[in-house]
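>>> Predicted model, plus sequence, below.
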Amino acid sequence: MSEEFKVEIVNPEKSFLVKDDVSEVVVPAFEGEMGILKDHISIISFLKPGIIKILSKSGDENYYVEDGIVEFKNNNLSILTSTIFNLADMDKSKQQDLLKKAEEEANKTDINDQSKYLADQKVEVLKTLN
Amino acid sequence: MASLDDLKKRIASVKSTQKITKAMKMVAAAKLRRAQESAEKGRPYSEKMNNVILNLSNGIYDKENAPKLLSGTGQEKTHLCVVMTSDRGLCGGFNSNIIKKAKSYFAKILDKGKELKIITVGSKGNDQLKRVYGDKIIENISFKESKNANYFDADKVGKMVIEKFEAGEFDVCTIFYNQFKNVITQIPQAQQIIPLNNEGEENSSEESYEFEPDEDEILSNLLPKNISTQIFKAMLENSASEQGSRMSAMDNATRNAGEMVDKLTIEYNRSRQAAITKELIEIISGAESL
């Protein structure tokens, strides 16, 4: 089983998820979605709001993230993020809450282009979840 | 000698104080376990963050144009100190230790003729510092309403610090907090977070990374996050330290109250005995004289 690697998701409060039988991870990197397979070159990138897809033998998992950093090195993928939700645990009301917050943020006029872009991304991603 | 009644009252009051300190100790012990757990769980994040930044800053060749949060403004005229203390008292030397550390640092800075600005987090620190350094305190933040240290609070402080940095209000930022070692020992720490101080920590891995987008952009995104993360780490360490310090302080207080009750009880018994003896003597000598 040499096609598997380890993924670790950490948020400030705790180590969110550790999995070592992952075959592929798709992360919403800042410049577009990025699929990571075993033996990928060492890379550091950061995330925009989107869905992390983790494909593994023990089942696929999807997570919604708002920001974060990914680091891949020696077949260890670390994802550092401050806001992450498992899509399986996310119900409609939670989703609506997040959407409302994101829309509020996106409608603010006094933010710079980058945060505007990020807020728009959030709205877009959350809408597609419906 | 105090009268019997006074002694009785004092014993009762010491006993009820003892009950309070005992209860506080139990509460602190329960909270300590939780705070310690979250401090330990929070460590991987800040460690990983540090690692990534270390790798990144090693990858930067053009140090001159590196983000200011990493390399500093090139001068160190104005110092900002973020002093993190608790919102509640009765926790032994916890707050005083941080304040002492901070004050000696302040004195050093002022001696060098540099400007000083202070942000206090937690009301106890503000109370102690405003007497001497009242005019230097620019902000006072307190998280009384949030039960546990959480990342959003830390992020608020972090964003404020960065805003002030970008507005050019200070050059160097240091945070003061207590590092939790164990229940009896907490070490007051002064940690410089702007500019980032990672000299001496040579990176062993020679491996080069691919960056997407380029290093500068990642760094300028990552560094503000790192500030919040460091502050959050300090908050977690602080809350574990506070509970640990309170627990040992309350343990001591309970023991002292116990000793005091013993002493007072002996005194009470003695004076009761003395009063009885005195009455007996009076009765006997009265009967003899008849």
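Great, that's in hand.

>>> burial measure for the residue in chain B that chain A sits nearest to, as a count.
Using C-beta to the nearest C-beta, the single residue of chain B nearest to chain A is residue B:41, 3.8 Å away. Glycine gets a C-beta too; all of them are placed from N, C-alpha and C. Residue B:41: 17 surrounding residues under other C-beta atoms under 10 Å in any protein chain shown.

>>> So out of everything in chain A, what residue is nearest chain B?
With C-beta to the nearest C-beta, the shortest gap between chain A and chain B falls at residue A:14, namely 3.8 Å.

>>> any low-confidence regions in the chain?
I'll assume chain A. A:1-2, A:130 (pLDDT under 70).

>>> Let me rephrase: I mean chain B.
Judged by pLDDT under 70, the stretches of chain B that qualify are B:1-2, B:59-65, B:197-207.

>>> how about the residues of it that lie near chain A?
Proximity of chain B to chain A (C-beta under 8 Å from any C-beta of the partner chain) is limited to residues B:38, B:41-42, B:44-46, B:48-49, B:51-52, B:55-56, B:150-151, B:154-155, B:205, B:207-213, B:218, B:221-222, B:225, B:229, B:232.

>>> Pretty sure the residue of chain B closest to chain A sits against residue A:15.
Yes: judged on C-beta atoms under 8 Å, residue B:41 makes contact with residue A:15 at a distance of 6.6 Å.

>>> what about the nearest residue to residue B:264 once chain neighbours are set aside, how many neighbours?
Once flanking residues are discounted, residue B:264 sits nearest to residue B:11: 4.9 Å by C-beta to C-beta, 6 or more residues apart in numbering or on different chains. Per other C-beta under 10 Å, the neighbour tally for residue B:11 reads 18.

>>> Also the one 10 residues further on?
By other C-beta under 10 Å, the residues close to residue B:21 number 19.

>>> what helix or strand is it on?
Taking DSSP states H and E as the definition, residue B:21 sits inside helix B:4-59.

>>> Tell me the helices and strands packed up against that helix.
strand A:5-10, strand A:43-47, strand A:68-73, strand A:76-80, helix B:215-288 (3 or more C-beta pairs under 8 Å, 6 or more residues apart in numbering or on different chains; DSSP states H and E).

>>> near chain B, which residues of chain A show up?
A:10-15, A:29-31, A:34, A:41-46, A:69, A:71, A:73, A:78, A:80, A:82.

>>> For ChimeraX, write the selection for the buried entries among those residues.
Buried residues within the residues of chain A next to chain B, by 16 or more other C-beta atoms under 10 Å in any protein chain shown, are selected in ChimeraX with:
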select /A:10,11,12,13,29,30,34,42,43,44,45,46,69,71,73,78,80,82
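
>>> Chain A - how does it break down into domains?
According to automatic domain parsing, chain A comprises the domains A:5-86, A:91-129.

>>> what's the offset of the last one from the middle of its chain?
The offset between the C-alpha centroid of domain A:91-129 and the centroid of the whole chain comes to 15 Å, using C-alpha atoms, centre = their mean, to the nearest Å.

>>> same thing with stretch B:100-118?
19 Å.

>>> which stretches of chain A form strands?
A:5-10, A:15-29, A:32-36, A:43-47, A:50-56, A:61-65, A:68-73, A:76-80, A:84-86 (DSSP state E).

>>> counting contacts, what elements does the fifth one pack onto?
In other words, strand A:50-56. On a contact count with 3+ C-beta pairs under 8 Å, 6+ apart, strand A:50-56 meets strand A:15-29, strand A:61-65, helix A:113-129.

>>> Next, the angle strand A:5-10 makes with the first one.
Following axes from the mean of the first three to the mean of the last three C-alpha atoms, to 10 degrees, one obtains 100 degrees for the angle between strand A:15-29 and strand A:5-10.

>>> which helices and strands does strand A:15-29 pack with?
strand A:5-10, strand A:32-36, strand A:43-47, strand A:50-56, strand A:76-80.

>>> May I see the buried residues of the first one?
Read it as strand A:5-10. For strand A:5-10, using 16+ other C-beta under 10 Å, the buried residues are A:5, A:7-10.

>>> Then the longest one?
Of the residues in strand A:50-56, A:50-54, A:56 count as buried by neighbour count, 16+ other C-beta under 10 Å.

>>> For that strand, C-alpha coordinates in PDB please.
Extracted in PDB, the C-alpha atoms of strand A:50-56 (Å, rounded to 0.1, in the frame of the first residue of the first chain):
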ATOM      1  CA  GLY A  50     -13.700  26.100  -0.100                       C
ATOM      2  CA  ILE A  51     -14.000  22.400   0.400                       C
ATOM      3  CA  ILE A  52     -11.200  20.000   1.400                       C
ATOM      4  CA  LYS A  53     -11.800  16.600  -0.100                       C
ATOM      5  CA  ILE A  54     -10.000  13.700   1.600                       C
ATOM      6  CA  LEU A  55     -10.100  10.400  -0.300                       C
ATOM      7  CA  SER A  56      -9.100   7.400   1.600                       C
END
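
>>> Give the partner strands of that strand in its sheet and their orientations.
Next to strand A:50-56 in the sheet, as set by DSSP bridges, lie strand A:15-29 (antiparallel), strand A:61-65 (antiparallel).

>>> Off-centre distance for it?
Taking C-alpha atoms, centre = their mean, one finds the center of strand A:50-56 at 7 Å from the center of the full chain.

>>> Same question for the first one.
Computed by C-alpha atoms, centre = their mean, the separation of strand A:5-10 from the middle of its chain amounts to 12 Å.

>>> What of the second one?
Distance, stretch centre to chain centre, for strand A:32-36: 11 Å (C-alpha atoms, centre = their mean).
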